[in-house]
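Peer 1: okay, here's the prediction I keep looking at, along with the sequence it came from:
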Amino acid sequence: MAMTIAVDVNSQIVSIDDVERGLACSCRCIECNELLIAKKGSQRIPHFSHASLKKSCEIAPESFLHRYAKQVVKESLGLQLPPLPGHFPDSEDQSSWWDFRSVRAECWMGDFRPDICAELADGPLLIEIACTSFVHDEKQARIEQLGIRTVELDLSGLVVRPSADGLLELKAVILHNTSLKRWVYPLLPQPTVVSASTLPIVEIDSRQNLSPQPDARMRFTIQGIWVDLRVLEFGAVVVRSVAYSPTIAEVLKRLAWQYSGRYVPNYKNWMFPLWAKSTLIEQLAALEN
Ligand SMILES: [Zn+2]
């Protein structure tokens, strides 16, 4: 791509059309970070050139797209997403706008670093930006282990026009086009197919107690209120205060913020990824009377 876009003094990607002429543009090169001059004369098509007079850099569309998508999500504090797997919107509209409270780029989640971590009223949402590399099996497994909802934004097919209009057009596509977005987690559970021949033959002793095992549950007493913690079959950790107390609600909210938990209104509980289990147990035990 030609040098018609650059990074301004606020680290934002800008077009040559949006900046002042000459060194006053205060821009740097997207590729090499050198100081740029905005050439906006009548002789040639407006473009940036390096202040050091070195030859123009070739801007790789992938690195630009990756950076620009982060910028757009951060400044818009939201994204239009397809419905979560298993959720069917009431209206004809198959997409909806998700509002973010805050957006952090490149935060660590255990040993995995998603491109964007958005914080929503009901917990975090991770966004992976794919330009050339997509979420592969190993990353998929890590995301499932984390148990945090994650969406992939596929920018690989986008054609970039490096002008002010082109940037605006691209921004609208990144924000609103739901066909570029795919849920990585949660996914609908795949039905397991078990063939009859592989089923083990189990002889059932009629005297045996066949009632299901109660869930392994830990109970903490915090300020006279029971708080239960249990691990669900699919690996998430659920924490629930048995009675409502504003103080306990604040404690659980803080834990959710620190350990990637989210409130599940339907069950009035807080769901955490499995990696948070031992820390949660420690923290809840420390709060006991
Ligand atoms: Zn350069």
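Peer 2: Arrived safely, thanks for sending.

Peer 1: only C-alpha atoms from now on, for both contacts and neighbour counts.
Peer 2: Noted.

Peer 1: Leu175 reaches Glu75, doesn't it?
Peer 2: No: under the criterion of C-alpha atoms under 8 Å, Leu175 is not in contact with Glu75, lying 10.9 Å apart.

Peer 1: dig out what Tyr185 forms beta bridges with.
Peer 2: Tyr185 has these beta-bridge partners by DSSP bridges: Thr150.

Peer 1: next one: it from Ser76, what distance?
Peer 2: Counting by C-alpha to C-alpha, to the nearest Å, the separation of Tyr185 from Ser76 is 23 Å.

Peer 1: the more surrounded of the two?
Peer 2: Tyr185 (21 against 14; other C-alpha atoms under 10 Å).

Peer 1: for the closest residue to Ile5 other than its chain neighbours, give me its contacts.
Peer 2: Excluding the flanking residues, the one nearest Ile5 by C-alpha to C-alpha, 6 or more residues apart in numbering is Ser15, at 4.4 Å. Taking C-alpha atoms under 8 Å, 6 or more residues apart in numbering as the criterion, Ser15 is in contact with Thr4, Ile5, Ala6, Pro162, Ser163, Ala164, Leu167.

Peer 1: can we see that at 6 Å?
Peer 2: Thr4, Ile5, Ser163, Ala164 (C-alpha atoms under 6 Å, 6 or more residues apart in numbering).

Peer 1: what's the answer for Tyr263, then?
Peer 2: Contacts for Tyr263 (C-alpha under 6 Å, 6+ apart) come out as Asp122, Asn269, Trp270.

Peer 1: what stretches of this protein score poorly on pLDDT?
Peer 2: 88-95, 189-215, 233-234, 266 (pLDDT under 70).

Peer 1: mind naming the longest helix for it?
Peer 2: Criterion DSSP state H: the longest helix present in the chain is helix 61-76.

Peer 1: next SSE downstream of it?
Peer 2: Heading C-terminal from helix 61-76, the first helix or strand you meet, by DSSP states H and E, is strand 78-81.

Peer 1: now for Ser278, how many residues are close by?
Peer 2: 10.

Peer 1: show me which residues of the helix or strand where it lies are buried.
Peer 2: Per DSSP H and E: Ser278 is located in helix 277-287. The neighbour-count check on helix 277-287 (16 or more other C-alpha atoms under 10 Å) flags Lys277, Leu280, Ile281, Leu284 as buried.

Peer 1: in the one helix or strand Ala141 maps to, what's buried?
Peer 2: Assigned by DSSP H and E, Ala141 belongs to helix 137-146. Within helix 137-146, the residues scored as buried using 16+ other C-alpha under 10 Å are Ile143, Glu144, Leu146.

Peer 1: about what we covered before: may I have the phi/psi pair for the residue nearest to Ile5?
Peer 2: phi -100, psi 160 (degrees, to the nearest 10).

Peer 1: repeat that for Val264.
Peer 2: phi -110, psi 100.

Peer 1: what number of residues lie near it?
Peer 2: 13.

Peer 1: how deep is Pro46 tucked in, by neighbour count?
Peer 2: Residues lying near Pro46 (other C-alpha under 10 Å) number 17.

Peer 1: nope, Val238 is what I was after
Peer 2: 23.

Peer 1: show me what the helix or strand encompassing it is packed up against.
Peer 2: For Val238, the enclosing helix or strand under DSSP H and E is strand 237-241. In this structure, strand 237-241 makes packing contacts with strand 225-231, strand 269-272, judged by 3 or more C-alpha pairs under 6 Å, 6 or more residues apart in numbering; DSSP states H and E.

Peer 1: contact partners of the helix holding Ala141?
Peer 2: Residues outside helix 137-146 that contact it (C-alpha under 6 Å, 6+ apart): Pro273.

Peer 1: CA atoms only for that helix - export them in PDB, please.
Peer 2: The C-alpha trace of helix 137-146 is given here as PDB (Å, rounded to 0.1, in the frame of the first residue of the first chain):
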ATOM      1  CA  ASP A 137      -7.200 -26.000  17.700                       C
ATOM      2  CA  GLU A 138      -4.700 -25.200  20.400                       C
ATOM      3  CA  LYS A 139      -6.000 -21.700  20.900                       C
ATOM      4  CA  GLN A 140      -9.600 -23.000  20.700                       C
ATOM      5  CA  ALA A 141      -8.800 -25.400  23.500                       C
ATOM      6  CA  ARG A 142      -7.200 -22.600  25.600                       C
ATOM      7  CA  ILE A 143     -10.200 -20.400  25.100                       C
ATOM      8  CA  GLU A 144     -12.600 -23.200  26.100                       C
ATOM      9  CA  GLN A 145     -10.500 -23.800  29.200                       C
ATOM     10  CA  LEU A 146     -10.700 -20.100  30.100                       C
END
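
Peer 1: right, I'll leave it there.
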